[in-house]
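Participant: Task: produce atomic coordinates for the following.
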Amino acid sequence: MQDIGLVRLIQRVYPGFELHGSTQMTVHDESGARLMRELGIGRVVLARENTLDDVRAIRAAVPDMGLETFVHGALCIAYSGQCFMSGMISERSANRGSCAQSCRKDYVLSDAATGAELDRGYLISAKDLAAHDQLGDLARIGVACLKVEGRKKKPEYVATVTRTYRDFLDRVAAGTEEVPTAEDVRPLIQIFSRGFTAGMFTGRAGRDYITREQPDNRGHEIGVVLGRDGTELMIEVSHAVEVGDGLGFEPPAGTAGRSTGFAVHRVRTLSERPGTVRQAISTREHVVAGWRVVRSAEAALLERARASFAALPLPTKGRKQRLDVRLFGSAGGRSKAIMESGGVGWSVCSELALVPAAQRPLDHARLREQLGRLGETPFALGALDVSGLSGGLFLPVSALNHLRQSAVDTLMVRRDWARSAELAARSAAIHAAIAFPLGEGCAPVDRWVLAAEVSSLDDARTAAAAGATEIVVDPFLRHPMPPVSRVAALAGELAAAGVLLRLRTPTIVRPDERRTLDKWLALQLPVLTGHAGLAVELAATGSNVAADYAVNVFNAQTAAEFFRRGVARVAASVELTVDEIGALVSPWSGRGFEVVVYGRPEGMTLEHCVLSAAFDREVTTCRDLCVQKHPTVELTDPAGYTFPVATDAACRNRLLHSRPIEGSEFMPRLWAAGIRSFRLLFNVPGDPVAAIVGEYARLLEALHAGRGAPDLALRALLEQRFTRGHFARAV
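Facilitator: The predicted structure follows:
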């Protein structure tokens with residue numbers, strides 16, 4: 001499960017139903033795990049970015065809840081549940097399982113101030129996870145389940161990876177501490193690999209975490225091209241090539257050239273010694289000596305994988321329902337059959353009377369054969385009890401067939417009745433769950449709230465002077481953080497001017513980072529957070545808490561859960577249209593909701609740092625890069641769109657949208673829906689804070705006074721470089 005509201009609906013309709021929390025819930029610390037336990041989640045899939053120490057801390061916090069971790073397969077570069085980039089670029093929401101693979105494109109990293117190129121390649125395309133060396137540690141921690149990312153992969157991939165990890169786990173269970181050898185891992189590399197990483201179980205992987213050169217299957221590099229002899233290509237490889245294999249040929253590292261490849265139809269072995277085989281492949285392709293030989297498909301491995309599931313029965317059209325039969329009868333009377341299927345029982349009688357048998361009396365085998373001929377019906381004969389049938393009796397085959405057909409016809413009618421009643425009851429339960437009182441929400445605001453989110457204290461003062469009624473300060477967005485004392489002083493300064501200061505926390509707060517956050521929370525300022533667990537935890541203490549768009553509130557049920565837990569304000573997801581926002585807020589007539597109407601939401605939150613990787617530096621020891629040398633950097637995609645990258649206080653990258661959302665044209669409709677809280681995001685140096693705040697304040701004054709929306713200079717101010725976001729574009 002990903003959606004908190006849906007969790008609550010299912011629990012009301014199907015009490016006791018076992019529910020698991022998806023990695024899309026972004027559970028990465030004790031606070032998030034505790035919320036899952038409180039919601040009745042039996043098992044949660046942790047974020048792929050968690051270290052072994054993180055997992056231990058979470059295990060200690062929720063010892064009675066099952067933990068699940070990914071150990072193999074494709075990696076999202078962003079924290080799952082926190083990728084808004086896919087939806088903005090392609091209208092396919094990664095947070096709803098429809099990722100457009102924005103991270104698999106090639107990008108150029110450059111200094112935003114000077115334009116200097118710093119790096120290029122597949123800079124946010126993660127390698128595949130292969131955590132086989134960590135299985136023993138995960139078992140000792142008490143992880144309940146290991147997860148393989150296998151969506152949209154072929155059956156051969158699923159079979160090979162599952163079999164290999166099953167073998168590895170059996171060794172762990174047997175007490176073997178030896179890590180898998182290169183030969184043990186070879187099937188995993190061969191079946192599909194973008195290159196492997198152990199992930200972040202032992203810490204950040206740095207430059208080696210990403211593919212850099214290509215975003216798709218790399219295959220298994222097995223040797224080099226020696227040259228050509230007539231119609232044959234001579235190769236030297238570590239593992240013999242077989243007929244049916246797929247081969248790719250790539251230039252040596254650091255040299256230019258276009259890769260090529262083909263399927264092997266004829267090959268002969270010239271010489272062989274341990275670890276080295278020389279072979280000749282018949283082909284018309286010309287490949288330069290010294291090029292690398294990469295096996296993209298191994299025929300023998302694929303055949304073994306297919307053989308492992310070839311004997312498994314194919315799924316049939318619908319599942320057959322078991323039909324149990326008890327027979328009764330004696331000579332001179334009609335046979336009676338009592339049948340039961342799916343909890344529905346009934347009886348039928350034969351047309352003809354039972355008579356003493358002259359030759360072939362009815363026996364169990366004959367009765368099972370005739371009554372079991374259920375053909376295309378949705379039933380299969382289960383138990384057959386003939387203890388109530390006298391021996392030595394006879395009934396024609398036609399009478400047995402009629403008995404069976406009569407039973408099936410009656411059952412079909414009764415089953416339809418039962419299903420109709422069941423569906424009606426289920427529908428009533430679902431409607432009752434949806435209609436469950438959502439709660440009162442929050443008190444209406446006196447006038448309206450215009451919140452300006454900033455990271456600079458100077459921008460905070462500018463926004464307040466221009467008409468913002470609330471300032472949201474994010475001291476964590478960039479290095480270095482401002483001193484806590486300066487933010488405390490700013491809160492007093494703004495309060496004197498009648499402006500509220502709210503603290504925005506990071507969406508990701510790993511267990512070892514909580515101590516730093518607690519120093520800021522000690523200011524006892526109102527809080528905005530995209531961390532669902534933290535929002536609920538702080539609200540329970542009576543704090544003034546607003547839930548950010550990162551908690552992914554798509555529906556009223558989810559909003560109601562946050563309101564019930566004391567959250568004072570909820571930001572609608574930035575992936576909702578204006579009509580969907582109207583439906584979301586209607587149960588409360590807009591009270592308690594906020595909408596982001598201007599600025600660049602965080603498109604991705606990455607544990608990986610593209611800047612430190614560009615210079616092959618150790619993350620957390622390279623702050624001279626983001627503080628002094630390149631404080632503002634950006635990624636540019638093949639279409640020319642540029643995404644600002646902020647390196648935050650925890651050395652994470654936050655990729656911002658390429659263009660700011662400008663939603664002023666939708667404000668009258670949002671106002672009509674009852675929404676009175678609006679937020680503007682200023683997270684890029686040089687944002688025109690005063691002008692933007694002033695124009696939105698003027699618009700809100702007009703709406704409050706009942707006048708029509710005034711002509712605004714917003715879009716001219718932005719030189720048409722803006723997006724309408726998802727207000728009119730559904731994902």
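Participant: For the closest residue to Leu75 other than its chain neighbours, list each beta-bridge partner.
Facilitator: Leaving aside its sequence neighbours, Leu75 sits nearest to Ala126 (C-beta to C-beta, 6 or more residues apart in numbering; 3.9 Å). From N, CA and C alone the C-beta is placed, and that goes for glycine too. On the basis of DSSP bridges, Ala126 is bridged to Ile210.
Participant: got a list of what Ala126 touches?
Facilitator: Residues in contact with Ala126 (C-beta atoms under 8 Å, 6 or more residues apart in numbering) are Ala74, Leu75, Cys76, Ile77, Cys103, Arg194, Thr197, Tyr209, Ile210, Thr211, His608.
Participant: export the residues you listed to a markdown table and tack on neighbour count?
Facilitator: As requested, these are arranged in a markdown table below (neighbours: other C-beta atoms under 10 Å):
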| residue | neighbour count |
| --- | --- |
| Ala74 | 20 |
| Leu75 | 24 |
| Cys76 | 23 |
| Ile77 | 24 |
| Cys103 | 25 |
| Arg194 | 22 |
| Thr197 | 18 |
| Tyr209 | 25 |
| Ile210 | 25 |
| Thr211 | 21 |
| His608 | 25 |
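Participant: Once you drop chain neighbours, what's closest to the residue lying farthest from the centre of the chain?
Facilitator: Of all residues in the chain, Ala358 has its C-alpha farthest from the mean position, at 70.1 Å, by C-alpha atoms, centre = their mean. Among residues not flanking Ala358 along the chain, Phe394 sits closest, at 7.1 Å (C-beta to C-beta, 6+ apart).
Participant: Ok, Leu494 next?
Facilitator: Nearest one to Leu494, counting by C-beta to C-beta, 6+ apart, is Leu501 at 5.0 Å.
Participant: One more: Ala139?
Facilitator: With C-beta to C-beta, 6+ apart, the residue lying closest to Ala139 is Val172, at 5.4 Å.
Participant: pretty sure the residue farthest from the centre of the chain is touching Gly392, no?
Facilitator: No - counting by C-beta atoms under 8 Å, Ala358 does not reach Gly392; the two are 10.2 Å apart.
Participant: what's near enough to touch the residue nearest to Leu389 when sequence neighbours are not counted?
Facilitator: Leaving out its chain neighbours, the residue that sits closest to Leu389 by C-beta to C-beta, 6+ apart is Leu327, at 4.6 Å. Going by C-beta under 8 Å, 6+ apart, Leu327 touches Ser335, Lys336, Ala337, Leu367, Leu384, Asp385, Val386, Gly388, Leu389.
Participant: Widest-spaced pair of the residues you listed?
Facilitator: For the contacts of Leu327, the farthest-apart pair by C-beta to C-beta is Lys336 and Leu384; their separation is 14.2 Å.
Participant: Residue ranges in the protein under the pLDDT threshold?
Facilitator: 314-318, 441 (pLDDT under 70).
Participant: wait, doesn't Phe379 sit right on Glu340?
Facilitator: No - using C-beta under 8 Å, Phe379 is not in contact with Glu340, being 11.1 Å away.
Participant: more crowded one of these two?
Facilitator: Between Phe379 and Glu340, counted using other C-beta atoms under 10 Å, Phe379 has the larger neighbour count: 21 against 17.
Participant: Kindly state the beta-bridge partners for that one.
Facilitator: Under the criterion used here (DSSP bridges), Phe379 is bridged to Gln321.
Participant: separation between it and Ser420?
Facilitator: 19 Å (C-beta to C-beta, to the nearest Å).
Participant: And Ala429, by the same measure?
Facilitator: From Ala429 over to Ser420 (counting by C-beta to C-beta), the distance is 15 Å.
Participant: who has more neighbours, those two?
Facilitator: Each of Ala429 and Ser420 has its neighbours counted (other C-beta under 10 Å); Ala429 has more, 14 against 10.
Participant: For that one, give me its contacts.
Facilitator: With contacts defined as C-beta under 8 Å, 6+ apart, Ala429 is in contact with Arg12, Val13.
Participant: Remind me which helix or strand it belongs to.
Facilitator: helix 397-434 (DSSP states H and E).
Participant: same deal with Ile235?
Facilitator: strand 232-237.
Participant: follow-up on the earlier one: so when I look at the residue nearest to Ala139, I'm seeing a strand, right?
Facilitator: No - secondary structure of Val172 (DSSP: H, G, I helix; E, B strand; the rest coil): helix, not part of a strand.
Participant: what's around it, how many residues?
Facilitator: Residues near Val172, counting by other C-beta under 10 Å: 16.
Participant: isn't it right next to Leu135, touching?
Facilitator: Yes - assessed by C-beta under 8 Å, Val172 is found in contact with Leu135 at 5.2 Å.
Participant: If anything else comes up later, I'll come back, but that's it for now.
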